[in-house]
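Asker: Okay, structure incoming, though there's no sequence with it:
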């Protein structure tokens, strides 16, 4: 079982490494090939769209055909997307195809892996193993941009060819190690709109769902425009950006591992409000970048606030769900995805119109989103009350 868990963690790590690795490379590719800057957002958006809309279909297929088969299929398709991107960097339509392929098969891997873990664990230790998968996802986001930036220093194709080869090696290892688990439940299908989700919107938890969208929306906007802006300001290279994202990734990890545990039950709303203020400060610092250190400092301040808001928000949402944890998690996932779909495209388009002014807009949105938390605190229409009265 330990070998299987380690392998599944590796799969999740590479899926999100593959998402992150493109962040410091994509703007460089788009600018070098003379494409419009708005395609940075477009190429990020189609990946999220493809994953979002195909995940429910993959989940149903996983229940019918088995987890291992789908994981192997996902790894083949995911590696193909890397090679496509590396080989056709000068062909915009094929770049979009490669991103769609990557998104489609990342959805397959996500649902098959979570279904696999659900099958091989009981309720007592399932949260622990799902937590390990979550940690792998976080590490992928931390090291993806860093590895992309470092390897991209030598060649823009290198990060993608390397990732494609590693994914194929993982495929061989998975085919040998993984054994189809005994079926205990269904794959995590991540329905586009979770069944019963409409009911939750009648309660104050809806403000937390909207907050999830805002937090991810602002994050996706920064990811898609930060390098473009810093190229104009300080001629930043992919290698330098990789180092900055690595540093901010460790800030993220420090927040997750250190600060979050200090959040006491009942104080979550205060922490989220504080986190959004810190996020806004980080965004306001970005337009005044004059050197690499300042760019890294601004990015790290933003990351600290955003990571704290995201983590505490997930915890508060689970407490507010009134026992409907799966439905609430599915709705949060949907809102996060909407942020990743809309954010890159909108912010890169705004960047072509206003450049640095978009960070003043982002900071304003971060502060205005605090209204959602204030409304949440003032409302008494809580699922917790409903759960308490049912006991």
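Answerer: Cool, got the structure. Small disclaimer: the values here were computed from a predicted structure and weren't measured. Residues are numbered from 1 along each chain as shown.
Asker: I'd like the average pLDDT over the strand or helix carrying residue 57.
Answerer: Assigned by DSSP states H and E, residue 57 falls within helix 38-65. Taken as a whole, helix 38-65 has an average pLDDT of 85.
Asker: Output the contacting helices and strands for the helix or strand just after it.
Answerer: Counting by DSSP H and E, the element after helix 38-65 in chain order, helix or strand, is helix 67-87. If contacts are counted by 3 or more CB pairs under 8 Å, 6 or more residues apart in numbering; DSSP states H and E, helix 67-87 sits against helix 2-20, helix 38-65, helix 92-120, helix 158-177. C-beta: built from backbone N, CA, C; applies to glycine.
Asker: roughly how far is helix 67-87 from the heart of the chain?
Answerer: Centroid separation for helix 67-87 versus its chain: 19 Å, with CA atoms, centre = their mean, to the nearest Å.
Asker: cool, and stretch 85-103?
Answerer: The answer for stretch 85-103 is 20 Å, by CA atoms, centre = their mean.
Asker: Pull the residues that contact it.
Answerer: Residues outside stretch 85-103 that contact it (CB atoms under 8 Å, 6 or more residues apart in numbering): 18, 22, 29, 33, 35, 39, 42-44, 46-52, 54, 77-78, 80-82, 84, 156-157, 160-161, 164.
Asker: Tell me which residues of that stretch come out buried.
Answerer: In terms of neighbour count (16 or more other CB atoms under 10 Å), stretch 85-103 has its buried residues at 85, 86, 89, 92, 95, 97, 98, 99, 100, 101, 102, 103.
Asker: which SS state does the third one fall under?
Answerer: Secondary structure state of residue 89, per DSSP: H, G, I helix; E, B strand; the rest coil, is coil.
Asker: pLDDT score for it?
Answerer: 92.
Asker: ok, now residue 125?
Answerer: 64.
Asker: Would you agree residue 236 is in contact with residue 295?
Answerer: Yes - counting by CB atoms under 8 Å, residue 236 touches residue 295, with 6.8 Å between them.
Asker: and for those two, which residues touch both?
Answerer: 230, 244.
Asker: that older thread, the helix holding residue 57: how far from the chain's middle?
Answerer: Mean-position distance between helix 38-65 and its chain equals 13 Å (CA atoms, centre = their mean).
Asker: coming back round to it: for residue 247, which of the helices and strands packed on helix 67-87 is the nearest?
Answerer: For the helices and strands packed on helix 67-87, proximity to residue 247 was assessed by CB to CB; helix 2-20 is nearest, at 14.3 Å.
Asker: can I get the buried residues of stretch 85-103 in TSV with distance to residue 328?
Answerer: Shown next, in TSV, are these (distance: CB to CB, whole Å):
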residue	distance to residue 328
85	35
86	39
89	41
92	39
95	36
97	35
98	34
99	30
100	29
101	31
102	28
103	24
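Asker: For these, work out which two are farthest apart.
Answerer: Of all pairs in these, the most separated under CB to CB is 89 and 103 at 18.1 Å.
Asker: Tell me which residues of whichever helix or strand residue 270 is part of come out buried.
Answerer: For residue 270, the host element (DSSP H and E) is helix 268-285. By 16+ other CB under 10 Å, the buried positions in helix 268-285 come out as 268-269, 271-273, 275-285.
Asker: Pick out whichever of those residues sits closest to residue 214.
Answerer: residue 276 (8.6 Å).
Asker: Surely that closest one is in contact with residue 305?
Answerer: Yes - the criterion here is CB under 8 Å, and residue 276 meets it with residue 305 at 6.7 Å.
Asker: Just put the helices and strands packed on helix 67-87 in a markdown table and tack on distance to residue 377.
Answerer: Below are the helices and strands packed on helix 67-87 laid out as a markdown table (distance: least, CB to CB, whole Å):
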| stretch | distance to residue 377 |
| --- | --- |
| helix 2-20 | 33 |
| helix 38-65 | 31 |
| helix 92-120 | 33 |
| helix 158-177 | 44 |
